[in-house]
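>>> pasting the sequence and the predicted coordinates here, then a few questions.
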Amino acid sequence: MFETLPQRFREHGVHTDVRTLLLLNKAMHRGLIKTLGDVYNVLKGIVVKDPDTLGPFTKAYYDYFLNIEIEGGERLDDAILRSETFKKWREDRFEAIQDRDFDADKLVNEFLSEVHLTSYDIKEIINGKELIDNDNEVEDSDNISDQLEEQRRLLEKMADYSGMSLEDLLKRLEEIAKQQRGKHSGGSRWIGTGGISPFGHGGAAKDGLRIGGTGGGKMARKILNDRRFFPVDRDMIVNDNNVDAALASLKGIIEESAHEHLDIKKTIKKGLQRGGLFIPELVSEKNQKLQVMLLIDNGGYSMSPYVYTVQNLFKKMKTRFAHDLETYYFHNTIYDVVYSDSRRTKSFTIERLLKKDPNYRIFIIGDASMASYEINRTSVESYKALTKKFKKIAWLNPEPKRHWHFTMTIQFLGELVPMYPLTPKGIEEAVQEMNRKRDEFKGSL
Amino acid sequence: MAKTDFWSGSDKYLCDPQLAQAFHMARVLGMPLLIEGEPGTGKTELPIQYAASNAQELFVYPVGSKSNIDSFVARFDHVKYLRDSQVEILNAQREEKGLDSKMSTGGRDTESLKDYVIKGPAANAFSTPNSVLLIDEIDKAPREFPNDLLYALSHRKFVMPESGEVIEVSEENMPAIIITSNREQELPTAFKGRCIYHYIHFPEPDMMRQIIAKHDLAMDDKVIDVAIDIFYHLRKLGLERSPTTREILNWLKYIKTFSTTEAIEKIQRLEGLGSLIKTQTDLERVQQAIFKNSADFQKRSTSN
């Protein structure tokens, strides 16, 4: 069953494996899956573990089960309208209802509600029908009873359908997965008569009953149109959109621990109070120690778009975790002083900076692009002294990494200070490297 | 038998159909349901209302920064155990000296170690068939906690400390487990893999109207319409902390104390804004927006 599913979903960046299949199988055996809409819901619960995989997941589902490929940024409706699947479904539909007045929107809506119809929806319709029956018992006219008869037939069909044996159901679902591959085989009408939708053929659902199945379709539309349901590009330079992803990468630098250790003083004191009965007194300790220093290049036009974002990023971080954050500024490169204000009037010597706690984590943010003569001996020595004193140091560069080798000064400074791109991924790598150093440092103690 | 029938909410709680389906699925598969979503969208309400409407027993474990697996499952009370064993020695000595008065161990027996096991919500839920277990705000836990939970969740079995007593539950009697998270930290992938995941989407205005109706505020529809309109406007401003369901309910409770016309005026002047907006920068932004839109609001109110 669905052997190709994990591989095909992975192509969309959605993590699936054998366990997904096992769970899907289990869900089928427990009667959770009776329609294609159920497949969407169950798979979603099993596979999606983040709001931002909802988008890729929905795409993968449409691709795998319906052979509808949704291109980046495309509306679901457009993708459906240009798909072969929809065309075939429409042919069947037109044959059946002989009604050509349908507009595209209406048809797509109907298509979506068939695709996303779940067994819960069916149940609701059946329950709703019982209500209608009871309401109409008194004023039963011929007309109404005709309508009701039609609805009853439709609903019986659904009911039969949901009572279909598991073997038949599995066979049918398997067929879907296969048929969507062989789109050249032609004429397979799996949505419709022989398909997954119980009421496709005959168009009984045309206007008679409002099918409750539109919920899933609406949601799928919403998901595909919303950027929040797609992963942020972690290789993009940090900006307002991915600042949260960057923040998540930064969180790794917090040394957090919650462990218990023996409180000797308290144990002795309490033990004496108990008249010599010493019971180990444990104290749980929570540490959140973090010292961060930012050295920002805010000189020149090239850096100005980034200064704001970087400050915003670290400010956000500061509000979330109480910690020690210091910011200094420089222009192009660091000589023997940095400045403690953004207008660069109050100078702060590197000598003083070097007296600070070696546990400070230092982020230098700058494009490191300048005329090569600007990096003189003073500058080189400052960098060397900084890297020697502060083991946890990283340079975050907003220039795209692929351009680095064009600029001599970037290459040169990159050899003095470990350099990473100013992207969520770059920040994460920098933090991991810092933590590795921290552990080495601890290990040597 | 565990309850595996579909539950879609109660008179007091409107369960989003998607959430209800995910919850049903989790119970049928015997897996925990992990709910994420904006704060104030009723994540914690689901298990509380579910347990209440089915008269099932609810065990809650509120997660904090110091949570560990011992407080969740069970711990052994060493202090009591030591005290009782000392009491036994003391009593024996007294008896030797012919003293009558004895110290009591409160019915506990040092021979039976299980008397000293203090059970946490997990052990209690697993020993009560058909209960509901809520693990609230798991993202607040230290990093190791979710990983520790993994074992228990996949084996449906706990071993009590020291006493070695095993609490085991069959798949049929498995409690319904609901885990909520505000996404303040990323949970381990392996942990998420063991859960059915559901992300609560923020309700659409229509849904919000129904939610408000469930809360029986007995207010004029007009007032609620105006309030909902403004509420969704505020959400569109892209605030740092957008107001959520909880906030609009609180706001309406405040507005409720006034007569209809007075209430509409109050809503349009955004009185009681403190219940909606929670940060200073947001407040400033909203005030700017009001300034811009005040003419617009007035127009709308006259057309009403």
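Arrived safely, thanks for sending.
>>> give the contact list for the closest residue to A:V48 other than its chain neighbours.
For A:V48, ignoring the flanking residues on the chain, the nearest one in space by Cβ to Cβ, 6 or more residues apart in numbering or on different chains is A:F57 at 5.0 Å. All C-beta spots, glycine's among them, are computed from the backbone N, C-alpha and C. In this structure, A:F57 makes contact with A:9, A:12, A:14, A:43-44, A:47-48, judged by Cβ atoms under 8 Å, 6 or more residues apart in numbering or on different chains.
>>> these: which two are farthest apart?
Between any two of the contacts of A:F57, the greatest separation by Cβ to Cβ is 13.5 Å, found for A:H12 and A:K44.
>>> settle it for me: which of those two has more neighbours?
Neighbours were counted for A:H12 and for A:K44 using other Cβ atoms under 10 Å in any protein chain shown; A:K44 has more, 25 against 19.
>>> in the chain, what residue spans correspond to strands?
You didn't say which chain, so I picked chain A. For chain A, the strands defined by DSSP state E occupy A:255-262, A:282-289, A:291-297, A:324-330, A:337-339, A:347-349, A:361-365, A:393-397, A:419-421.
>>> chain B, not that one
Counting by DSSP E, residue ranges of the strands within chain B are B:33-37, B:58-62, B:74-76, B:117-119, B:132-136, B:157-159, B:166-168, B:176-181, B:196-200.
>>> in TSV, list the ones you listed along with mean pLDDT and distance to A:T409.
Output for these, formatted as TSV (pLDDT from 0 to 100; distance: least, Cβ to Cβ, whole Å):
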stretch	mean pLDDT	distance to A:T409
strand B:33-37	91	45
strand B:58-62	93	54
strand B:74-76	88	59
strand B:117-119	90	64
strand B:132-136	93	53
strand B:157-159	84	61
strand B:166-168	87	65
strand B:176-181	92	45
strand B:196-200	90	46
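>>> now these in CSV, with mean neighbour count and distance to chain A?
Formatted as CSV, the entries for the strands of chain B read as follows, by neighbours: other Cβ atoms under 10 Å in any protein chain shown; distance: least, Cβ to the nearest Cβ, whole Å:
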stretch, mean neighbour count, distance to chain A
strand B:33-37, 24, 7
strand B:58-62, 18, 16
strand B:74-76, 20, 11
strand B:117-119, 18, 15
strand B:132-136, 24, 17
strand B:157-159, 16, 20
strand B:166-168, 13, 21
strand B:176-181, 26, 11
strand B:196-200, 24, 4
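>>> okay, those strands in CSV with distance to A:I80 next?
Written out in CSV, the entries for the strands of chain B read as follows (distance: least, Cβ to Cβ, whole Å):
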stretch, distance to A:I80
strand B:33-37, 28
strand B:58-62, 44
strand B:74-76, 54
strand B:117-119, 54
strand B:132-136, 40
strand B:157-159, 48
strand B:166-168, 49
strand B:176-181, 34
strand B:196-200, 24
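>>> with adjacent residues omitted, what lies nearest to B:P243?
B:P243's closest residue in space is B:L276 (Cβ to Cβ, 6+ apart), at 4.3 Å.
>>> for the stretch 51-200 of chain A, give me the ranges with low pLDDT.
With pLDDT under 70 as the threshold, the stretch 51-200 of chain A has low-confidence stretches at A:92-102, A:122-200.
>>> that older thread, mind checking which of the strands of chain B is nearest B:M207?
B:M207 sits nearest to strand B:196-200 of all the strands of chain B, at 11.3 Å, using Cβ to Cβ.
>>> got the domain ranges for chain B?
Using automatic domain parsing, the domains assigned to chain B come out as B:17-72+B:120-200, B:75-113, B:205-291.
>>> re the thing from before, quick one: the residue nearest to A:V48 from chain B, how far?
Counting by Cβ to the nearest Cβ, to the nearest Å, the separation of A:F57 from chain B is 11 Å.
>>> could you do A:H331 as well?
Distance from A:H331 to chain B, counting by Cβ to the nearest Cβ: 30 Å.
>>> so that residue bridges to which residues?
Residues found in beta-bridge contact with A:H331 (criterion: DSSP bridges) are A:T333.
>>> who's in contact with it?
By Cβ under 8 Å, 6+ apart, the neighbours of A:H331 are A:297-300, A:344.
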